[in-house]
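Chemist: Got a predicted structure plus its sequence, pasted below:
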Amino acid sequence: MFKNFNKWCLGAFAAMLTLGTFSVNAQEPEAEASINGGDLFKSKCATCHHPFKDGTGPKLYDVRTAWSEGGAGAEAIYQWVNNWQTAAASDPYAAGVAQKKATAMTKFPDLTKPQIVAILDWVDSQEEKVAGAAGGAAGGAEGVEGEEEGGFSWIWIILGVLFVIVILAVSGVRRQLKAASGEAGSDTLSYGEEFKAWAWGNLRYVLIGSVVIFITLIVVLFQGLYSIGVVEGYQPSQPIDFPHSKHAGMSGIDCKYCHNSVTESRSAGLPTVNVCMNCHKQVAGNDDEQMEKIAKIYAAAGWDADAQQYTGKTTPIVWNKVHVLPDHVYFNHSQHVEVGGVDCKQCHGDMTKQQSTAMVQPVVELNKIEGNVQLTRPTLTMGWCLECHAEKEISTGSIDNAGGDYYQEIHRRLLYGDKKLYSDYLEDGKVTVMELGGWECAKCHY
Ligand code: HEC
Ligand code: HEC
Ligand code: HEC
Ligand code: HEC
Ligand code: HEC
Ligand code: HEC
């Protein structure tokens, strides 16, 4: 009987797992079949249209109401999207719309009516942002994705509940079978008592089970503790979607052009809006998306692009800080970049390829970059600093290399101060940051 019960449970669990896999898989074709108006809009229409703003094409929010109120035929608007010319030829309202803008709309003969309905439904479902910072389209898309993610975890919760119900049901049937076969006293046992009896009979399984659960809990706890204060992957939102790839990458601008104090001081510094205006007075953007972003620079600098003059009304761009060390830590860029000769890539990754705004690169990503010292501790933690100081050789630290007065002085002090220590340092043929005091608490802590 007990053996059968175990099999029952295993069978039920396996069934639930398969069911779970199927129900997850079953969702995919369904999602494919249903039309995503938002995606269609973004891939086909967003280059010219915005729900709430006139661009190359007019704003599209509630456009169907405007058409029906204007006396257009019921099908005219769908015909318009397929081929605006045939629509304009047959419908007087559509003919009026065709006069709206100098540019002509692209023809989309492949779009079906349900697809066009989905696009316009999606446009009408957008909410206008008063500040308009991120643009209506992006905001709406986030909402849709959020719902999908939520749906996925619900499946597992429902499956869990079903699993418990099945176990209870199975054990209920078993009790009745027992009662029917005339086993005395079994129906007087409660579920708890029965479980106890089962557990005593299967001590080995119970023991293995408990050990597994215990170890899992410990691992989860420690992972949680180790992630406290780790900021890898941190990428705050920025007032302007500034792509390093297009500036430091495509246009090949030197980092120091914008972060101009990086070789001289502790902080690298961020560029003022005047630095942006050196180029952006001329570069206004190639398409609507770029123009919208660059218009924010103009707003900050108080530049009237139409009149080509400054209005005098400026508002600073408030960039959010990405790399942040606690106040009790002293970090100096010039020491690393200028004296130590450490490349920006070593700590910030290859910014010439960074298409979105800056982020704290995880150490595994940094390790992939050619020429970087391989480190294991999470970026910006104390372990990360120390590990590099233990590994990194000071290139100008050998005797023959002059390395400027700074190193001369260190050599001199060691030579006359502690000859034994000096020869220890040079034993492995290299001098690391640690050997020069890079592990002293007071070097990094106030
Ligand atoms: C190449 C730019 C371009 C693209 C791409 C484009 N449109 Fe248009 N659209 C226009 C222009 C320009 C107009 C204004 C009519 C005119 O002057 O010809 C317009 C007008 C419209 C109108 C009528 C607006 C009104 O105010 O009555 C609708 C509806 C419309 N477009 C839907 C769409 C949909 C849906 C898509 C995507 C499948 C799309 N458009 C893609 C340029 C475009
Ligand atoms: C045209 C100007 C410009 C150039 C050139 C440029 N940057 Fe930047 N950088 C910015 C701006 C603006 C920000 C703030 C926006 C952001 O965080 O993405 C920034 C942010 C950063 C940050 C994050 C700052 C923080 O808050 O922690 C790093 C790191 C950085 N840049 C490194 C580099 C490196 C390395 C290069 C050269 C390969 C470079 N930048 C070239 C303008 C520039
Ligand atoms: C040894 C590692 C390291 C190197 C090399 C390095 N940085 Fe940084 N960078 C940091 C750390 C750590 C911070 C955070 C500083 C803080 O919060 O005090 C930072 C912050 C920044 C910031 C934000 C503004 C600021 O000064 O706090 C910018 C911009 C920046 N770095 C650019 C650069 C550029 C450009 C280079 C190359 C010329 C470079 N960094 C080289 C570690 C490094
Ligand atoms: C040395 C010239 C130069 C400087 C300085 C400069 N930019 Fe640009 N920027 C460009 C060019 C060129 C483009 C167009 C790239 C392209 O063709 O896609 C551009 C494009 C952009 C874009 C649109 C990118 C996109 O998503 O397509 C933004 C946003 C932008 N710059 C912001 C800034 C900000 C903010 C600053 C100041 C911190 C700045 N730029 C400084 C030359 C510059
Ligand atoms: C990629 C390797 C690397 C990383 C990561 C790194 N450093 Fe350094 N650090 C160096 C090198 C190389 C020097 C030596 C420069 C020199 O010759 O003085 C140095 C020197 C220093 C010094 C001066 C030491 C002395 O003896 O005067 C301080 C302070 C310092 N680093 C702080 C930090 C802090 C804080 C961090 C972490 C936020 C950090 N470093 C991360 C490579 C690194
Ligand atoms: C190479 C630079 C460096 C040296 C040397 C260094 N620290 Fe740190 N320390 C840091 C950094 C960076 C942080 C901040 C880490 C973070 O925010 O996750 C830190 C954080 C701390 C903290 C706060 C706890 C924490 O993890 O945030 C303590 C305590 C501390 N250090 C003690 C020491 C002591 C004691 C020594 C000497 C044995 C020492 N540190 C040497 C860079 C250093």
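Modeler: Received it, and whenever you're ready, just let me know what you need. Numbering: from 1, shown residues only. Ligands and ions are numbered 1, 2, ... in the order given.

Chemist: who in the stretch 251-400 of the chain is up against ligand 5?
Modeler: Residues of the stretch 251-400 of the chain lying close to ligand 5 by CB under 6 Å from any ligand atom are 325, 329-331, 335-336, 339-340, 342, 346-347, 373, 380, 384-385, 388-389, 392, 394. Just so you know, the C-beta spots here come from the backbone N, C-alpha and C atoms, and that holds for glycine as well.

Chemist: Just the buried ones from the residues you listed, in PyMOL syntax?
Modeler: Selection of buried members from those for PyMOL, criterion 16 or more other CB atoms under 10 Å:
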select buried, resi 336+339+340+342+346+347+380+384+385+388+389+392+394
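
Chemist: filter the residues of the stretch 251-400 of the chain next to ligand 5 by proximity to ligand 3?
Modeler: 325, 331, 336, 342, 346-347, 380.

Chemist: Up against ligand 4, what does the stretch 101-250 of the chain have?
Modeler: 240-243, 246-247.

Chemist: those helices in the stretch 251-400 of the chain, which residues are they?
Modeler: 255-258, 273-280, 288-301, 333-334, 344-348, 363-367, 382-391 (DSSP state H, counting those that start in this stretch).

Chemist: Now render those as a markdown table, adding mean pLDDT and distance to ligand 2.
Modeler: Listed next are the helices of the stretch 251-400 of the chain as a markdown table, based on pLDDT from 0 to 100; distance: least, CB to the nearest ligand atom, whole Å:
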| stretch | mean pLDDT | distance to ligand 2 |
| --- | --- | --- |
| helix 255-258 | 92 | 3 |
| helix 273-280 | 91 | 6 |
| helix 288-301 | 92 | 10 |
| helix 333-334 | 91 | 10 |
| helix 344-348 | 94 | 4 |
| helix 363-367 | 93 | 12 |
| helix 382-391 | 92 | 15 |
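
Chemist: Using a markdown table, lay out those together with distance to Thr56.
Modeler: Listed next are the helices of the stretch 251-400 of the chain as a markdown table, based on distance: least, CB to CB, whole Å:
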| stretch | distance to Thr56 |
| --- | --- |
| helix 255-258 | 31 |
| helix 273-280 | 21 |
| helix 288-301 | 6 |
| helix 333-334 | 44 |
| helix 344-348 | 37 |
| helix 363-367 | 38 |
| helix 382-391 | 48 |
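
Chemist: looking at those helices, which is closest to ligand 4?
Modeler: helix 273-280 (2.7 Å; CB to the nearest ligand atom).

Chemist: Okay, buried residues for that closest one please.
Modeler: Those would be 273, 276-277, 280, for helix 273-280 by 16+ other CB under 10 Å.

Chemist: got the angle between it and helix 288-301?
Modeler: 140 degrees (axes from the mean of the first three to the mean of the last three CA atoms, to 10 degrees).

Chemist: How about helix 273-280 and ligand 3, touching?
Modeler: No: Helix 273-280 lies out of reach of ligand 3 by CB under 6 Å from any ligand atom, never closer than 12.7 Å.

Chemist: what comes into contact with that helix?
Modeler: Contact with helix 273-280 is made by 257-258, 294, 297-298, 300-301, 303, 314, 316-317, as judged by CB atoms under 8 Å, 6 or more residues apart in numbering.

Chemist: So how do I select the buried members of those residues in ChimeraX?
Modeler: The ChimeraX selection below is limited to those of the contacts of helix 273-280 classed as buried (16+ other CB under 10 Å):
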select :258,294,297,298,300,301,303,317
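
Chemist: which pair in the contacts of helix 273-280 spans the largest distance?
Modeler: Tyr257 and Thr314 (21.4 Å; CB to CB).

Chemist: where exactly do the strands run in this structure?
Modeler: Using DSSP state E, the strands of the chain run over 303-304, 309-310.

Chemist: Given the last one, what are its sheet partners and their directions?
Modeler: Strand 309-310 has these partner strands in its sheet, going by DSSP bridges: strand 303-304 (antiparallel).

Chemist: just to revisit the earlier point, which one of the ones next to ligand 3 among the residues of the stretch 251-400 of the chain next to ligand 5 is nearest to Lys178?
Modeler: Leu380 (62.7 Å).

Chemist: low-scoring stretches of the stretch 151-300 of the chain, by residue?
Modeler: Scanning the stretch 151-300 of the chain for pLDDT under 70 picks out the ranges 151-152, 182-188.

Chemist: Of the helices of the stretch 251-400 of the chain, which is nearest Glu440?
Modeler: Once the helices of the stretch 251-400 of the chain are compared by CB to CB, helix 382-391 is nearest, at 10.0 Å.

Chemist: Put the alpha carbons of the closest one into PDB.
Modeler: C-alpha atoms of helix 382-391 as PDB (Å, rounded to 0.1, in the frame of the first residue of the first chain):
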ATOM      1  CA  MET A 382      36.200  46.300  -2.200                       C
ATOM      2  CA  GLY A 383      37.200  42.700  -3.200                       C
ATOM      3  CA  TRP A 384      37.400  43.900  -6.800                       C
ATOM      4  CA  CYS A 385      39.700  46.800  -6.000                       C
ATOM      5  CA  LEU A 386      42.000  44.600  -3.800                       C
ATOM      6  CA  GLU A 387      42.100  41.700  -6.300                       C
ATOM      7  CA  CYS A 388      43.300  44.000  -9.100                       C
ATOM      8  CA  HIS A 389      45.900  45.600  -6.800                       C
ATOM      9  CA  ALA A 390      47.200  42.100  -6.000                       C
ATOM     10  CA  GLU A 391      47.400  41.100  -9.700                       C
END
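
Chemist: That one near ligand 6 at all?
Modeler: Yes: looking at helix 382-391 against ligand 6 by CB under 6 Å from any ligand atom, the contacts come from 382, 385-386, 389.

Chemist: ok, back up a step: ok, of the residues of the stretch 101-250 of the chain next to ligand 4, which come out buried?
Modeler: 240-242, 247.

Chemist: want to try CSV for those residues, with distance to Ser356 as columns?
Modeler: As requested, these are exported to CSV (distance: CB to CB, whole Å):
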residue, distance to Ser356
Ile240, 12
Asp241, 7
Phe242, 9
His247, 13
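
Chemist: quick check, nearest of the residues you listed to ligand 1?
Modeler: Asp241 (21.8 Å).

Chemist: So for stretch 92-104, what gets flagged as buried?
Modeler: So stretch 92-104, judged by 16+ other CB under 10 Å, has buried residues 93-94, 97-98.
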